[in-house]
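**Student:** Structure, please.
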Amino acid sequence: MRPVRILWSQAALLRKIRQRQSRTPRTPGQRNGSAKEAANRLRFLRLCEAENLPTPVYEHKFHPERKWRFDFAWPEQKVALEVQGGLFVGGRHARGAGIARDMEKASAAASLGWRLLLVQPNDLCTLDTLNLIRKTIAYEPT
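**Tutor:** The predicted structure is shown next:
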């Protein structure tokens, strides 16, 4: 099998395309994600509304100095929900460096008074998760 050769003009064209893609304007907080993730996000927002939960803020920037964001947040109550994907396929949240960064973010959030909930993608749109959010929002420390 012989190696695939890319002509110089093709390589230059690919570079230009990549440069344009990297400059594509996005709405604030918009990440690259799959259509399935977007559908789950919309479904979760609808479920929150149906269960009479306050509407969460998507991609809420919570730290005054860092660019950290929560997947979903209820800023008034200082409650946040993070969806931890890729746990069983060696994704970012399952590797040592990713876990260390997640711990740093969670600790910083706790130091600012946030209560952080963690769920897997399959658990996002479940009644258990919605009940956990409801209990956490309603919790009043004694």
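**Student:** which residues of this protein fall in helices?
**Tutor:** Taking DSSP state H, the helices of the chain run over residues 8-22, 35-50, 96-111, 127-138.
**Student:** To K61, which of the ones you listed lies closest?
**Tutor:** Among the helices of the chain, helix 96-111 comes nearest to K61, with 11.6 Å by Cβ to Cβ. All C-beta atoms are positioned from the backbone trio N, CA, C, and that covers glycine.
**Student:** any idea of the mean pLDDT in the closest one?
**Tutor:** The pLDDT scores in helix 96-111 average 90.
**Student:** gap between the nearest residue to H63 once chain neighbours are set aside and L117?
**Tutor:** Nearest residue to H63, sequence neighbours excluded (Cβ to Cβ, 6 or more residues apart in numbering): A108, at 6.0 Å. From A108 across to L117, the span is 16 Å (Cβ to Cβ, to the nearest Å).
**Student:** what residues are up against the residue nearest to H63?
**Tutor:** H63, R66, W68 (Cβ atoms under 8 Å, 6 or more residues apart in numbering).
**Student:** hang on, the earlier thing: export the helices of the chain as JSON lines, with columns for distance to A80.
**Tutor:** Formatted as JSON lines, those follow (distance: least, Cβ to Cβ, whole Å):
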{"stretch": "helix 8-22", "distance to A80": "29"}
{"stretch": "helix 35-50", "distance to A80": "14"}
{"stretch": "helix 96-111", "distance to A80": "7"}
{"stretch": "helix 127-138", "distance to A80": "10"}
